[in-house]
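1. turn this into a model:
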Amino acid sequence: GQTREHALLAYTLGVKQLIVAINKMDTAQWAEARFNEIIKETSSFIKKVGFNPKTVAFVPISGFNGDNMLVASSNCPWYKGWEKELKSGKATGKTLLEAIDSIEAPKRPLDKPLRLPLQDVYKIGGIGTVPVGRIETGVIKPGMVVTFAPSNVTTEVKSVEMHHEQLT
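-> Numbers count the residues shown, from 1 in each chain. Down below sits the predicted model:
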């Protein structure tokens with residue numbers, strides 16, 4: 001179903017780390033057997049897609065009630081927490097927040113040529129053309145001359161901003 005599609009799409013788009021939050025556990029009366037059944041099924045198809053289940057945190061949650069989101073829940077005393085393998089060792093925790101905090105930041109190759117896939121382009125009166133995107137490789141600084149592909153348009157970078165904050 002939808003979870004399979006999301007896993008395949010994430011892997012295809014280059015996502016390397018995954019968290020599986022098993023929601024609505026309250027509607028299954030926090031049944032350990034149901035949680036384990038979902039882990040087994042999910043592990044099987046994420047492995048087929050290309051993920052290693054040993055690197056995935058599986059967290060039983062109730063988004064509606066907030067169980068295991070920020071604080072460990074007393075509704076599932078059988079749940080001892082998640083453990084996953086990282087490049088830097090192992091990580092453990094009980095909550096979704098701890099699983100999110102355990103995600104390792106991806107390495108951005110700064111020594112490679114600049115690659116900045118554009119998400120959008122704005123034309124702002126009095127300022128000019130503002131391309132928006134995320135730097136995948138390389139570095140961009142004010143004063144640099146950059147060329148856009150495939151149009152081969154070359155221009156000088158006047159300023160660089162991230163979240164409305166000027167970068168130098």
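2. longest helix of this protein?
-> With secondary structure taken from DSSP state H, the chain has its longest helix at helix 32-49.
3. check which helices and strands that helix is in contact with.
-> Other helices and strands packing on helix 32-49, by 3 or more C-beta pairs under 8 Å, 6 or more residues apart in numbering; DSSP states H and E, are helix 2-12, strand 19-22, strand 57-60. Heads up, the C-betas are built off the backbone N, CA and C, glycines and all.
4. run the chain-centre distance for stretch 88-100.
-> Taking C-alpha atoms, centre = their mean, to the nearest Å, one finds stretch 88-100 lying 14 Å from the centre of the chain it belongs to.
5. what's the answer for stretch 34-49, then?
-> The answer for stretch 34-49 is 20 Å, by C-alpha atoms, centre = their mean.
6. buried residues in that stretch, which are they?
-> Across stretch 34-49, burial judged by 16 or more other C-beta atoms under 10 Å covers 35, 38-39, 42-43, 46, 49.
7. make CSV out of those residues and add pLDDT and distance to Ile103.
-> Supplementary listing: these in CSV, determined by pLDDT from 0 to 100; distance: C-beta to C-beta, whole Å:
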residue, pLDDT, distance to Ile103
Phe35, 98, 22
Ile38, 97, 21
Ile39, 98, 19
Thr42, 97, 18
Ser43, 97, 19
Ile46, 97, 16
Val49, 95, 18
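8. tell me the one of these nearest Ala57?
-> Checking the buried residues of stretch 34-49 against Ala57 with C-beta to C-beta, the nearest one is Ile39 at 10.8 Å.
9. who are the contact partners of Phe45?
-> Contact analysis of Phe45 by C-beta atoms under 8 Å, 6 or more residues apart in numbering lists 3-4, 7.
10. show me how the chain divides into domains.
-> Here the domain parsing of the chain from automatic domain parsing is 2-101, 118-167.
11. please, which helix or strand holds Thr129?
-> Take DSSP states H and E as the rule and Thr129 turns out to sit in strand 128-133.
12. quick one: the residue lying farthest from the centre of the chain and Glu156, what's the gap?
-> Here the chain reaches farthest from its C-alpha mean at Gly126, the gap being 35.9 Å by C-alpha atoms, centre = their mean. Separation of Gly126 from Glu156 (C-beta to C-beta, to the nearest Å): 18 Å.
13. much appreciated, bye for now.
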